[in-house]
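Asker: Sequence and predicted model, in that order:
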There are 2 protein chains.
Amino acid sequence: MEKRVSRELVYQGSILDVYKDHMVFDNGHEEDWDYIEHRKGAAAVVAVDRDEKLLLVRQWRNALDREALELPAGARDSVEEDTADCAARELEEETGFKAKKLHRLLSLKTTVAFCNELVDVYLATDLVPGKTNFDPAENIRLERWELADLIKLIFEGTIQDGKTVAGILAYARWKEENHD
Amino acid sequence: MEKRVSRELVYQGSILDVYKDHMVFDNGHEEDWDYIEHRKGAAAVVAVDRDEKLLLVRQWRNALDREALELPAGARDSVEEDTADCAARELEEETGFKAKKLHRLLSLKTTVAFCNELVDVYLATDLVPGKTNFDPAENIRLERWELADLIKLIFEGTIQDGKTVAGILAYARWKEENHD
């Protein structure tokens, strides 16, 4: 069993802090491990309209150097913000719709080997018009998709974003268990 | 639309490199963005035994400061390693089983807002005994679970690990579409 004997802040980024953890194992082995602290956590939304189509956003992703098709999502304003409030805000900002019903589907830790990032995924239904409000950094296109087509794109490997894959598959399961 | 005008290496970790990207937007706005390069990528395995139980591993996660129940998984030896080979190796090392059949279920990008990390998720069946081979850093307990119980744990929020949530839900869907 390993024990963390120190945690040293090595870099403060825009949205995350980078730490060097020094680990000592029962057998005497020692290693440095990376730890990325995502400061705020985030929320994502499976938004379903009255035609049972899902609202997805397509945007360029700097970390991938390509576009990705994703659930509407964004970071919390602060760690105090309820992820349901964050989900409602990001949905309206990115899609222009507000949800009368919001139900938590999943709580995700995106990549547990080195990062604490949390993404709570909500199901949003009974959508009504609101107002988009893009960040200066956002260039987002709204698309509407059938659930069955999204599931095909996931199994083909076209949709790869973790929160989006997990959220869509969770919604499909939830729908079967609750409504079909 | 934003454009990345520079990428500066700010920290070299054990398994990842941290960069500061300088972004300039069409409207003149400028920002620094974090970019985490996960050097090797990884593979994870939904391993199903002859009783249709799934093999999961429970381990302490330094980044969460708690235990997590996860799919067997691990990083590639190098970026040249095929993720199928990585999946086969990690399955045997962590569970003591080899798979006669390996099928790619998903390709995941774990957290696209700031990181390039790839995790390919494989379905492993026709399991035969092999040999465990734990890293010095690993203290892993093997557990066998019914699919229906795992899905309950996901929707209760007990299982949160992104690759595990996505992999289990993908297997459930795949099974419905292919075998039920």
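Answerer: Great, that's in hand.
Asker: For the longest helix seen in chain A, list the C-alpha coordinates in PDB.
Answerer: In chain A, ranked by residue count with DSSP state H as the criterion, the top helix is helix A:162-178. Only the C-alpha atoms of helix A:162-178 are listed here, as PDB (Å, rounded to 0.1, in the frame of the first residue of the first chain):
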ATOM      1  CA  GLY A 162     -16.200  11.000 -22.000                       C
ATOM      2  CA  LYS A 163     -19.000  12.900 -20.400                       C
ATOM      3  CA  THR A 164     -21.000  12.800 -23.700                       C
ATOM      4  CA  VAL A 165     -20.600   9.000 -24.100                       C
ATOM      5  CA  ALA A 166     -21.500   8.300 -20.500                       C
ATOM      6  CA  GLY A 167     -24.400  10.800 -20.500                       C
ATOM      7  CA  ILE A 168     -26.000   9.500 -23.700                       C
ATOM      8  CA  LEU A 169     -25.700   5.900 -22.700                       C
ATOM      9  CA  ALA A 170     -27.100   6.700 -19.300                       C
ATOM     10  CA  TYR A 171     -30.000   8.500 -20.800                       C
ATOM     11  CA  ALA A 172     -30.800   5.500 -23.100                       C
ATOM     12  CA  ARG A 173     -30.800   3.200 -20.100                       C
ATOM     13  CA  TRP A 174     -32.800   5.500 -17.900                       C
ATOM     14  CA  LYS A 175     -35.400   5.900 -20.700                       C
ATOM     15  CA  GLU A 176     -35.700   2.100 -21.000                       C
ATOM     16  CA  GLU A 177     -36.100   1.600 -17.300                       C
ATOM     17  CA  ASN A 178     -38.500   4.500 -16.700                       C
END
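Asker: what angle sits between it and helix B:162-178?
Answerer: Comparing the axes of helix A:162-178 and helix B:162-178 via axes from the mean of the first three to the mean of the last three C-alpha atoms, to 10 degrees yields an angle of 50 degrees.
Asker: which stretches of chain A have low pLDDT?
Answerer: A:136-138, A:180 (pLDDT under 70).
Asker: Does the longest helix of chain A reach chain B?
Answerer: Yes: legend: contact between helix A:162-178 and chain B by C-beta under 8 Å from any C-beta of the partner chain is shown at A:Gly162, A:Lys163, A:Val165, A:Ala166, A:Leu169, A:Ala170, A:Ala172, A:Arg173, A:Trp174. (Glycine included, C-beta is placed from N, CA and C.)
Asker: Find the nearest non-adjacent residue to the third one, please.
Answerer: Pointing back at A:Val165 there. B:Ala166 (4.7 Å; C-beta to C-beta, 6 or more residues apart in numbering or on different chains).
Asker: wait, the one you found sits on B:Leu108?
Answerer: Yes: in this structure B:Ala166 lies within contact range of B:Leu108 using C-beta atoms under 8 Å: 5.9 Å.
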